[in-house]
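Q: sharing a model that was predicted from the sequence below.
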Amino acid sequence: MIAHWHSLWQGRRGRQLREYLTAYLMIAPALALIFTFGIFPIFFALYVSLHRWHIRQGKFLGLGNYVKAIDALAYVLFFATALGLLYLGWRTLQNIRQTAQTNREQPWSLAVPGLAFTAAGLLFLRWGVLALPAVLGIADKALHMERTPGLFRRLLFEALSEPPIWNAFWQSVGGLLVAVILAQLSRRWFASPRRTTYLLQWFSGSLFLTVGGLTAWFTYAQLRQAVQKALESGKEPSMGIHVVLITSGLLLLWASWRLWQSAVRHDNDKVFLLRGFAALLLIVAGWVLIGELPPVIQEGDKNLWEGLLHTVYYALGTIPFQLSIALVLAYILFQNVWGREFFRVVYFLPYVTPAVASAAVFRLLFLGHPAGLVNQILRLVGIPSLKWLWEPRGVFQVIGDLLGISVPSWAGGPSLALTVVIIYSIWTFVGYDTVIYLAGLGNIDREINEAAAIDGASRWQIFRYVTLPLLSPTTYFLSVIAVIGTFKAFNHIYVMREAAALGTMDTFSVVIFDTFFTDTRYGYASAMAFILFAIILLLTYFNNKIQGSRVFYQ
């Protein structure tokens with residue numbers, strides 16, 4: 001046995017084993033940090049969102065917090081998540097099949113260790129779910145005990161040594177050992193330089209399919225339970241109907257998009273017209289079914305939907321102006337103008353200024369009192385003082401009052417207070433976008449512009465048909481970063497918010513913060529955070545589909 005152990009570390013195979021072990025030891029601290037501060041908080045937040053949680057853990061609610069926030073859309077969201085996971089699993093298995101056909105290989109035996117690793121991962125997840133309540137209960141146990149240096153370690157050992165948790169842990173370890181042994185034995189079944197890739201694909205594909213199936217089953221069980229409770233209480237179980245109609249509408253819209261894409265790619269005009277008309281009919285049918293959204297929104301959390309509306313206003317008011325101004329400034333500063341290095345530094349300063357400090361200065365500048373600096377400047381040019389950060393009315397209503405025009409509330413747009421935040425955001429991030437655009441302009445070959453000029457193109461034509469398309473990767477990157485940044489913006493909004501604005505400045509992230517820290521509803525706030533995360537993912541996906549296809553790489 002000892003001789004066999006020594007032989008493992010000898011020769012070429014032993015050298016590879018030592019190199020692998022050294023590499024894993026080198027990246028172990030990084031993996032520990034990623035798990036501790038990146039992966040574990042996400043799973044813990046998901047765990048919290050499934051419970052009633054006021055300071056301490058309450059009873060299990062399932063999707064109750066999500067349903068309270070967005071009503072029947074919660075079931076649509078989780079069914080969509082399940083379908084997405086199932087699709088990822090199917091695509092991963094398809095990649096295995098295509099790679100195997102291309103290289104004329106038979107990696108099907110690797111499905112055994114891949115499934116074993118999936119089972120081991122699920123066993124470890126089960127152990128974590130069982131151990132987490134026991135670990136969280138240590139604080140309650142230690143309330144009436146004498147504080148000693150070894151108290152926490154003793155209570156932690158007692159919590160993890162409970163029979164169900166202890167058995168689950170060793171089952172997880174046993175499952176992992178079985179998976180490792182099967183992976184080592186698979187070297188005899190299948191020898192290929194792509195063996196590790198196949199093994200990871202089998203593991204990830206089976207994991208996606210398993211988790212997707214469990215998510216779909218859990219969502220269906222929660223929906224059935226909600227319908228049963230509604231029937232028992234004598235209420236109409238409209239929740240299931242809303243889920244079916246909204247899901248059907250979304251599927252019809254997706255089908256219309258796919259049909260329209262196939263119509264555009266077809267050369268036959270008759271086929272194009274028929275498919276285009278069919279896509280239009282699907283859009284109408286899908287829109288009719290999605291008409292169930294208004295009553296669903298009314299049943300959801302009013303503060304959440306208002307926060308989402310304010311966030312949309314904030315994004316629409318910030319991103320287009322921010323990118324447009326930055327593009328113009330970058331194009332000007334890229335020319336041979338006097339003092340361009342100085343102006344580059346000046347435009348970049350707002351971005352590197354601490355957000356809390358600059359937001360506090362803006363709060364003083366746009367004070368709603370007549371003594372505010374901006375109001376004093378307005379009075380010098382004959383414009384009456386405005387409430388600015390104290391104004392809850394829409395900016396178009398305020399402008400209409402100044403011009404003597406009556407603007408209805410539904411057309412008021414973002415509040416004047418939120419408009420100040422939009423101005424601040426544009427002022428802050430224009431410099432950053434300008435620097436990125438300057439880098440993009442520097443990567444464009446001057447010979448391309450010179451060739452266009454020789455062909456008789458004007459400066460505007462060179463910018464419109466040469467420079468702008470070549471800047472599309474930069475614009476795509478900045479737009480993605482801007483969308484994500486606006487939807488999770490918090491610091492400057494929290495500093496500038498005023499009670500007089502009546503909540504019209506509260507974006508989605510601010511609503512989550514108030515729910516978590518002010519109301520101490522940890523479970524509900526975690527559910528809202530996951531809803532925001534889903535919205536950001538959807539926006540990023542659609543941005544990639546719409547704008548990513550128009551990106552031109554030189």
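A: On my side now, so go ahead. Residues are numbered from 1 along each chain as shown.
Q: residue 506: what secondary structure?
A: coil (DSSP: H, G, I helix; E, B strand; the rest coil).
Q: surely it and residue 498 touch.
A: No: under the criterion of C-beta atoms under 8 Å, residue 506 is not in contact with residue 498, lying 10.9 Å apart. Using the backbone N, CA and C atoms, a C-beta is placed for each residue, glycine as well.
Q: what segments of this protein are strands?
A: In the chain, the strands defined using DSSP state E lie at 51-54, 56-60.
Q: would you turn these into CSV with mean pLDDT and distance to residue 283?
A: As requested, the strands of the chain are exported to CSV (pLDDT from 0 to 100; distance: least, C-beta to C-beta, whole Å):
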stretch, mean pLDDT, distance to residue 283
strand 51-54, 87, 40
strand 56-60, 85, 41
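Q: now for those strands, which one comes closest to residue 302?
A: Closest of the strands of the chain to residue 302 is strand 51-54, at 20.4 Å (criterion: C-beta to C-beta).
Q: residue 532: which of the strands of the chain is closest?
A: Closest of these to residue 532 is strand 51-54, at 17.8 Å (criterion: C-beta to C-beta).
Q: mind listing what's buried in the closest one?
A: The neighbour-count check on strand 51-54 (16 or more other C-beta atoms under 10 Å) flags 51, 52, 53 as buried.
Q: what's the burial count for the residue nearest to the second one when sequence neighbours are not counted?
A: When you say that, I think you mean residue 52. Spatial nearest neighbour of residue 52, chain neighbours left out: residue 58 (3.4 Å); criterion: C-beta to C-beta, 6 or more residues apart in numbering. Residue 58 has 12 neighbouring residues, counting by other C-beta atoms under 10 Å.
Q: list the residues that contact residue 58.
A: Contacts for residue 58 were tallied using C-beta atoms under 8 Å, 6 or more residues apart in numbering; they are 51, 52, 523.
Q: then residue 280?
A: When contacts are counted by C-beta under 8 Å, 6+ apart, residue 280 touches residue 256.
Q: for residue 276, see how far away residue 261 is.
A: For residue 261, the distance to residue 276 equals 11 Å [C-beta to C-beta, to the nearest Å].
Q: neighbour count: the two, which is higher?
A: Set side by side, residue 261 and residue 276 show more neighbours around residue 276, with 17 against 12, by other C-beta under 10 Å.
Q: surely the more buried one and residue 262 touch.
A: No: taking contact to mean C-beta under 8 Å, the distance of 10.0 Å between residue 276 and residue 262 leaves them out of contact.
Q: where in this protein is pLDDT low?
A: Applying pLDDT under 70 to the chain picks out residues 1-11, 13, 234-247, 264, 266-269, 271-272, 286-298, 547-554.
Q: what's the domain layout of it?
A: Domain ranges of the chain: 1-49, 66-228, 238-297, 301-550, per automatic domain parsing.
Q: neighbours of residue 449, just the number please.
A: The number of residues packed around residue 449, counting by other C-beta under 10 Å, is 17.
Q: could I get the contacting residues of it?
A: Residues in contact with residue 449 (C-beta under 8 Å, 6+ apart) are 462, 466, 467.
Q: repeat that for residue 185.
A: Taking C-beta under 8 Å, 6+ apart, one finds residue 113 in contact with residue 185.
Q: in this protein, which helix is the longest?
A: Looking across the chain with DSSP state H, the single longest helix is helix 195-232.
Q: show me what that helix is packed against.
A: Judged by 3 or more C-beta pairs under 8 Å, 6 or more residues apart in numbering; DSSP states H and E, helix 195-232 is in contact with helix 73-103, helix 111-136, helix 163-189, helix 238-265.
Q: which one, of these, ends up nearest to residue 200?
A: Residue 200 lies closest to helix 111-136 among the helices and strands packed on helix 195-232, at 8.1 Å (C-beta to C-beta).
Q: hmm, residue 523 and residue 53 touching each other?
A: Yes: Residue 53 is within contact range of residue 523, at 3.6 Å (criterion: C-beta under 8 Å).
Q: how much space is there between the closest residue to residue 432 other than its chain neighbours and residue 318?
A: Excluding the flanking residues, the one nearest residue 432 by C-beta to C-beta, 6+ apart is residue 351, at 4.3 Å. Going from residue 351 to residue 318 by C-beta to C-beta gives 14 Å.
Q: out of the two, which sits in the busier spot?
A: Ranked by neighbour count (other C-beta under 10 Å), residue 351 and residue 318 place residue 318 first, with 23 against 17.
Q: in contact with the more buried one, which residues?
A: Here residue 318 is in contact with 422, 425, 426, 429, 482, 486 (criterion: C-beta under 8 Å, 6+ apart).
Q: contacts only, for the closest residue to the fourth one other than its chain neighbours.
A: Sequence neighbours aside, residue 322 is the residue nearest to residue 429 in space, at 5.4 Å (criterion: C-beta to C-beta, 6+ apart). Residues touching residue 322, when contacts are defined by C-beta under 8 Å, 6+ apart, comprise 425, 426, 429, 430, 433, 482.
Q: from residue 479, how far out is the closest residue to the last one other than its chain neighbours?
A: Spatially, and ignoring its direct neighbours in sequence, residue 482 is nearest to residue 319 (4.6 Å; C-beta to C-beta, 6+ apart). Relative to residue 479, residue 319 is positioned 7 Å away (C-beta to C-beta).
Q: more neighbours: which of those two?
A: The neighbour comparison of residue 319 against residue 479 (other C-beta under 10 Å) goes to residue 319, with 21 against 17.
Q: pretty sure the more buried one contacts residue 484?
A: No: between residue 319 and residue 484 there is no contact under C-beta under 8 Å: 10.7 Å.
Q: before we move on, back to that, just put the strands of the chain in CSV and tack on distance to residue 192.
A: Shown next, in CSV, are the strands of the chain (distance: least, C-beta to C-beta, whole Å):
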stretch, distance to residue 192
strand 51-54, 46
strand 56-60, 46
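Q: of all these, which lies closest to residue 397?
A: Nearest to residue 397, of all the strands of the chain, is strand 51-54, at 39.1 Å by C-beta to C-beta.
Q: what sits up against that closest one?
A: Residues from elsewhere that reach strand 51-54 (C-beta under 8 Å, 6+ apart): 57-61, 64-65, 520-524, 526.
Q: give me the distance between that strand and the centre of its chain.
A: 24 Å (C-alpha atoms, centre = their mean, to the nearest Å).
Q: one more: stretch 74-92?
A: 16 Å.
Q: over to stretch 458-476?
A: The chain centroid and the centroid of stretch 458-476 are separated by 30 Å, computed with C-alpha atoms, centre = their mean.
Q: and stretch 422-442, by the same measure?
A: Distance of stretch 422-442 from its chain centroid, counting by C-alpha atoms, centre = their mean, is 23 Å.
Q: list the buried ones in it?
A: By 16+ other C-beta under 10 Å, the buried positions in stretch 422-442 come out as 422-438, 440-441.
Q: try stretch 302-322
A: Quick answer for stretch 302-322 (16+ other C-beta under 10 Å): 303-308, 310-315, 317-319, 322.
Q: likewise stretch 55-63?
A: 57, 61, 62, 63.
Q: from one end of that stretch to the other, what's the distance?
A: End-to-end span of stretch 55-63 (C-alpha to C-alpha, to the nearest Å): 19 Å.
Q: can you check stretch 137-151 too?
A: For stretch 137-151, the first-to-last residue distance is 14 Å (C-alpha to C-alpha).
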